[in-house]
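Asker: sequence unknown, structure follows:
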């Protein structure tokens, strides 16, 4: 699909399978989620721009490369998105964090906002929306809308699972936004959950199921 990258790294696929298993404890689920967030961060940042600087090693001077310009904005969506945050901040500790408080109404499947806060210099940074389950795409569209209203110009979505319907929805509203996902599951059920999926991420992560 245009604008979509499926991250098929063996470690990502292995940990995704472990997450799908309904017998995982809350503790193990949370740990795996953090680990897979770190792995996804490697993939989604592989094309960040670099610049050359002068550095003194213990033995000699040399020119070497560092990240150019301002770093990332990490924008977790709801409580599920928070599961990716710590793993990604481990790799990019200087990233800013936007908080996108959006949940999906269980009856209408419409995105409802309850909180939003973004860095003032978001326009100068690449924004990664951390949205593990791209089911209908409604929450993702709402998140992108709000972040762009706040000035975000370069936006990508990082998720574990996506559906073709959600991808189509997001691409129709924001064709400039790249989607990076570990897998594409084909269906959603009547309540908006991805099938076969891995259940309610927030409930499994925080023990509220």
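Answerer: Arrived safely. Keep in mind the model is a prediction, meaning the values are calculated, not measured.

Asker: For stretch 192-208, measure first residue to last.
Answerer: Using CA to CA, to the nearest Å, one end of stretch 192-208 lies 18 Å from the other.

Asker: so how far is that stretch from its chain's centroid?
Answerer: A distance of 16 Å separates the centroid of the chain from that of stretch 192-208, by CA atoms, centre = their mean, to the nearest Å.

Asker: Which elements pack onto the longest strand along the chain?
Answerer: Determined from DSSP state E, the single longest strand within the chain is strand 154-162. The helices and strands touching strand 154-162, judged by 3 or more CB pairs under 8 Å, 6 or more residues apart in numbering; DSSP states H and E, are helix 26-44, strand 126-130, strand 133-134, helix 138-149, strand 178-184. Backbone N, C-alpha and C define where each C-beta goes, glycine included.

Asker: can you list the residues that contact that strand?
Answerer: Under the criterion CB atoms under 8 Å, 6 or more residues apart in numbering, residues 4, 16, 19, 36, 40-41, 44, 84, 125-135, 140, 144, 147-148, 170, 174, 176-185, 194, 197-198, 201 lie in contact with strand 154-162.

Asker: Please settle this for me: is residue 14 part of a strand?
Answerer: No - the assignment for residue 14, made by DSSP: H, G, I helix; E, B strand; the rest coil, is helix rather than a strand.

Asker: and it, how many residues sit next to it?
Answerer: Neighbour count of residue 14, defined by other CB atoms under 10 Å: 13.

Asker: For it, give me its contacts.
Answerer: With CB under 8 Å, 6+ apart as the criterion, no residue contacts residue 14.

Asker: Give me the pLDDT for it.
Answerer: On pLDDT, residue 14 comes in at 98.

Asker: from here on, count from 34
Answerer: That works, and once the first residue is 34, the last one we named lands at residue 47.

Asker: how close does it get to residue 86?
Answerer: 37 Å (CB to CB, to the nearest Å).

Asker: Equivalent analysis for residue 201, please.
Answerer: Residue 201 is 43 Å from residue 86, by CB to CB.

Asker: OK, contacts around the residue nearest the centre of the chain?
Answerer: The structure's the chain has its C-alpha centroid closest to residue 163; by CA atoms, centre = their mean the separation is 2.4 Å. For residue 163, the contact set (CB under 8 Å, 6+ apart) comprises 70, 107-110, 114-115, 117-118, 121, 191.

Asker: Check residue 112 too.
Answerer: 235, 238-239.

Asker: angle of whichever strand or helix holds it against strand 187-195?
Answerer: Per DSSP states H and E, residue 112 falls inside helix 111-124. If you take axes from the mean of the first three to the mean of the last three CA atoms, to 10 degrees, helix 111-124 sits at 110 degrees to strand 187-195.

Asker: Brilliant, that's me finished.
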